[in-house]
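In: only geometry, no sequence info:
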């Protein structure tokens, strides 16, 4: 019998991990990790010489700068400031906050800024001494984990962590057969050190104190000016407060206060038959709703708004219902503290057949109607926009379903927005009930006209 040939001392047998495929996967994973580490270093290293990085948390500088982007601002002398520069400044309307807006003009009282997505310039001037720098670098999406954490969006944040863990695992997948030489231990230590460094740099809260400090220094919000009905046109189910003048997410579990998370000052109020905490639309991190009983339940806002005839606006609301009695969804009226309005406008309501009507009052109600019915028990996003250049438009689930470009004037009125009830007397196809029976969530009011692309993106962002 031929004796078996013994393996060489210290030889390591490998299977899949020693193949060329494993090598390719490991190289690709290491390349991605290296790119991520490099991006973080690009944002962090300039801060050593006085530059400042910030995670953008609103859409007031869209489309060039998006929420989750990291911007790096270089110091600038006040004598070098010029119109058109994007400046990182202390927010004049929010103590301790930062503002990233474009310089429009230098005036006697200070600097006039404006968000690219905002219809008008900010109301408050900025002291030149409050300028941190001029935006010089943008790293798209690098700050999304910080933004998700601030918004308590644990699903995408957890997904990012799992993806990073997978990359780390794949980066060490390849392991060729080699002799166990004296230097193998140190090589293994170096490999583990690289993995630990990648986790420490890329994931805040993993025990790297230096990164935790840097992450805190990163966090800043691009805000809007104090004119609350000139706010940025940006909204998702879980970040509507960044763009809506009034945003009531209706996520409360009890009580009568409907918190307004928009830029305006004044919360809303739950009245009558309202059930909190029911299942809501597929909005990640904010998937609850309130159910209105169809006889006394509704929500009225506490922000007094003066809307002249040409005032551009957009309203939005998620709803679900099987009612055959119709009802008021969202509108504007002069009724104070929830009282029935004698003058009403900007109305979105459901007919007894489940179709949606939207219109404004210009001597008489002028409306459009959806060709389809939506009392099917499913969740739908209704968006209504008005402007003198496009007239009225009605969107459902991200798509335009009805419009009339000839309707370019609306009621000159001071009042309040509300959802679930107001008088519909005198409006076309007045439903059997003025009270809406169904569930609602994420009530939003915007100062500007949302575009087709923006409405489509908002609906796509759900879930």
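Out: Done, it's in. Everything numeric here is computed off the predicted structure, so don't read it as measured data.

In: just for this protein, where's the confidence low?
Out: 1-14, 38-49, 94-96, 119-120, 150-151, 176-243, 284-285, 463 (pLDDT under 70).

In: what residues are up against residue 350?
Out: Residues in contact with residue 350, defined by CB atoms under 8 Å, 6 or more residues apart in numbering, are 321, 323, 326-327, 329, 356-357, 374-375, 431, 436. C-beta coordinates here come from the backbone N, C-alpha and C atoms, glycine included.

In: same question, residue 435
Out: Counting by CB under 8 Å, 6+ apart, residue 435 makes contact with 292-298, 327-328, 420-421.

In: Next: residue 278.
Out: 288-291, 439 are the contacts of residue 278 under CB under 8 Å, 6+ apart.

In: Can you flag which of the residues you listed belong to strands?
Out: Judged by DSSP state E, the contacts of residue 278 include 288-291, 439 as members of strands.

In: Next, give me the two most distant ones among the residues you listed.
Out: Greatest spatial distance in these: 288 and 291, 10.5 Å, computed using CB to CB.

In: could you list every residue that touches residue 74?
Out: Contacts of residue 74 by CB under 8 Å, 6+ apart are 46, 51, 133-134, 136.

In: Could you tell me how far it is located from residue 441?
Out: 43 Å (CB to CB, to the nearest Å).

In: returning to that earlier point: in CSV: the contacts of residue 74, plus neighbour count, distance to residue 86 and secondary structure.
Out: Listed next are these as CSV, based on neighbours: other CB atoms under 10 Å; distance: CB to CB, whole Å; DSSP: H, G, I helix; E, B strand; the rest coil:
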residue, neighbour count, distance to residue 86, secondary structure
46, 17, 16, helix
51, 19, 14, coil
133, 20, 10, strand
134, 17, 7, strand
136, 15, 9, strand
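
In: Just send those back as JSON lines, with distance to residue 315 too.
Out: Conversion of these to JSON lines gives the following (distance: CB to CB, whole Å):
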{"residue": "46", "distance to residue 315": "42"}
{"residue": "51", "distance to residue 315": "41"}
{"residue": "133", "distance to residue 315": "37"}
{"residue": "134", "distance to residue 315": "37"}
{"residue": "136", "distance to residue 315": "38"}
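
In: Can you pick out the most distant pair from the residues you listed?
Out: Taking CB to CB as the measure, the contacts of residue 74 span a maximum distance of 12.6 Å, between 46 and 134.

In: Please compute how far the longest helix along the chain lies from its chain's middle.
Out: Longest helix in the chain by number of residues (criterion: DSSP state H): helix 20-44. Per CA atoms, centre = their mean, to the nearest Å, the displacement of helix 20-44 from the mean C-alpha position of its chain is 29 Å.

In: Which parts of the stretch 351-463 of the chain are helices?
Out: 452-461 (DSSP state H, counting those that start in this stretch).

In: quick one, domains of this protein?
Out: 12-227, 240-461 (automatic domain parsing).

In: Go through those domains and pick out the most buried.
Out: Among these, domain 240-461 has the highest mean neighbour count (mean count of other CB atoms under 10 Å), at a mean of 20.

In: Residue 142 is in contact with residue 56, correct?
Out: No. At 10.3 Å, residue 56 and residue 142 do not qualify as touching, with contact defined as CB atoms under 8 Å.
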